[in-house]
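Trainee: Have a look; sequence and predicted model below, questions after that.
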Amino acid sequence: MAETFKKAALITSITKLTEDIYSMWIKEEDIVANAKPGQFLSLYCKSENRLLPRPISICELDKDNGLLRLVYRVVGKGTEEFSKYKVSDRIEVMGPLGNGFHLEGKKAILIGGGIGIPPMLELAKQLFCEKQIVLGYRDETFLNEEFKPYGQVYLSTEDGSAGTKGNVIDAIKANNIEGDIIFACGPTPMLRGVKAFALENDIKAQISMEERMACGIGACLACVCKSKEVDHHTHVNNKRICKEGPVFYAEEVEL
Amino acid sequence: MNTKVKIAGVEWKNPVTTASGTFGSGLEYSQFVDLNKLGAVTTKGVSNVPWIGNPTPRIAETHSGMLNAIGLQNPGVDVFVKRDLPFLLDYDTKVIVNVCGKTTEDYCEVVERLADYDVDMLEINISCPNVKEGGIAFGQNCFAVENITKELKKRAKQPIIMKLSPNVTDITETAKAAEAAGADALSLINTLTGMKIDIHKRAFQFANKTGGLSGPAVKPIAVRMVYQAASAVKIPIIGMGGIMTGEDAIEFIMAGATAVALGTANFTNPTATQDVITGIEEYMKKYHVEDINDLIGCVK
């Protein structure tokens, strides 16, 4: 079993990227030393009436300094609490959790949609091959400038305010993007579109999924998805997103 | 200082176990908790064949609580005895296997399969609110409780703990029915049936419509029911429902529980079980309690 740590990590920076998206760097050497792109952390609230940890993907790793970046959207009371933390506060975290992306391919298409964009950044840094990065937004963009050193960046926005008007698949088609491997993280409808695109074009695709979680370590069986293969735990084609995932090959899971 | 307790002839090194379904079979939590330190490990429900469970989402947080509708997904007794039980038997702790079924025959089959294994106790789940057949259906009327308890007692080689539902008008009736039918102990409470509606989607949060409420939100109800059941029966009670700290555990013990189980707390704090054991010991030191047994049901 890969090593997992539960620690009170020091917050070294916290900034607001958009109206509801925040970027937080935390210092936690043990977690950082063991983490890879596509994995996530469980973040615990200080408020005692919020019992369940929030799963947040790893956006960036700074292994030299033991730092880890989390970029999250405020969607409820828990993430709202995280957005109010200050530098030098501590936050209880557990991780690294999940399997992460398998680094492969010669010409990759990295696809991030909305709050599925952050995990693609560390992947873009660690993946050593030709990279085309497609980022999909509703309207306001974030993190897109930070991807530029790692590959050609294409944007899509639903309102057409930046890049291709439409979704990430529209941007891929409009720019004739080709590759031999897809890495994707985003809302389920986007992942469905990515899976269909990958099938049509016979491209292997790794997708990162999300689901409501409780324990984050594979014990409670809350976050399962339908899998083609029999799962290791229950042998009923229910893979645990927190444990066997969150990254799966697209043909392996039902969306 | 003595923290040992005896339940149906089985001695636990301390009165703390895990609430079924929140701790798997211990494997995942063993990276955070020394299972040797626990009084007992209570496994997730085990059925005769693998169960697929409910569609997702299966979980929702509520104020000071959570709803779950997992639906007892489990690999079935064959995989359990081959894979999960040997893992647990390597530890110096008591092993309580939680048994679930759709019919009386299903429960009997699992109990019979476990008869020849080195399992210390069986906990019978007649109170799961999240499955369409079985579960709670056996736990909501006295006749059904009595009937299944009798059938299982005929077959079980280990002491049986009947896990009662709080979704009843009078907990003392089902408690007494289980005792009369030969149950060796009781555990309570299972979760309270709850519901959550997603107002943005105008839909139920769960495909199952309802879910089971647990966590600190239910604790006062659980303490009250443990007290009522303890006043009505002579068999020992394992109390549970929102225990997060040693103080919470002491409260259940004073209400009449011989032991306690932690469920939701494991999600909030993976070392909760060990922390509660430490908390109990600290309480005993502070109040010069020599023997934990002196606290059981001490508030009348």
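Mentor: Arrived safely.

Trainee: Show the contacting residues for residue B:120.
Mentor: B:10, B:40, B:94, B:95, B:96, B:158, B:159 (CB atoms under 8 Å, 6 or more residues apart in numbering or on different chains). Quick note: C-beta positions are derived from backbone N, CA and C, even for glycine.

Trainee: Next up, phi/psi of it, please.
Mentor: phi -80, psi -40 (degrees, to the nearest 10).

Trainee: Enumerate the residues of the stretch 201-300 of chain B near chain A.
Mentor: B:215, B:216, B:264, B:266, B:267, B:268, B:269, B:270, B:271 (CB under 8 Å from any CB of the partner chain).

Trainee: hang on, the fifth one packs against residue A:212?
Mentor: In other words, residue B:267. No. Under the criterion of CB atoms under 8 Å, residue B:267 makes no contact with residue A:212, lying 11.8 Å away.

Trainee: between those two, who's got more neighbours?
Mentor: The neighbour comparison of residue B:267 against residue A:212 (other CB atoms under 10 Å in any protein chain shown) goes to residue B:267, with 29 against 18.

Trainee: what about the more buried one, which SS state?
Mentor: The three-state label given to residue B:267 by DSSP: H, G, I helix; E, B strand; the rest coil is helix.

Trainee: for residue B:161, same thing?
Mentor: With three-state DSSP as the criterion, residue B:161 reads strand.

Trainee: Check residue A:222 too.
Mentor: Using three-state DSSP, the structure places residue A:222 in coil.

Trainee: Which residues of the stretch 51-200 of chain B lie near chain A?
Mentor: Near chain A, when you scan the stretch 51-200 of chain B using CB under 8 Å from any CB, you find B:51-53, B:56-61, B:63-66, B:68, B:70, B:73-76, B:79.

Trainee: Cross those against helices and list the overlap.
Mentor: residue B:79 (DSSP state H).

Trainee: Need the buried ones from the residues of the stretch 51-200 of chain B next to chain A selected in PyMOL.
Mentor: Of these, the buried ones go into a single PyMOL selection, burial set by 16 or more other CB atoms under 10 Å in any protein chain shown:
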select buried, chain B and resi 51+52+53+56+57+58+59+60+61+64+65+66+68+70+73+74+75+76+79
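
Trainee: Which of the residues of the stretch 51-200 of chain B next to chain A fall in strands?
Mentor: Using DSSP state E, the subset of these located in strands is B:59, B:60, B:61, B:65, B:66, B:68.

Trainee: what ranges do the helices span in the stretch 151-300 of chain B?
Mentor: B:171-180, B:219-232, B:246-255, B:265-268, B:272-286 (DSSP state H, counting those that start in this stretch).

Trainee: ok, back up a step: now, of the residues of the stretch 201-300 of chain B next to chain A, which are buried?
Mentor: Looks like these have B:215, B:216, B:264, B:266, B:267, B:268, B:269, B:270 buried, using 16+ other CB under 10 Å.

Trainee: Can you tell me which residues in chain A are near chain B?
Mentor: A:1, A:3-4, A:6, A:44, A:48-53, A:78, A:94, A:211-215, A:217-225, A:233-238, A:243.
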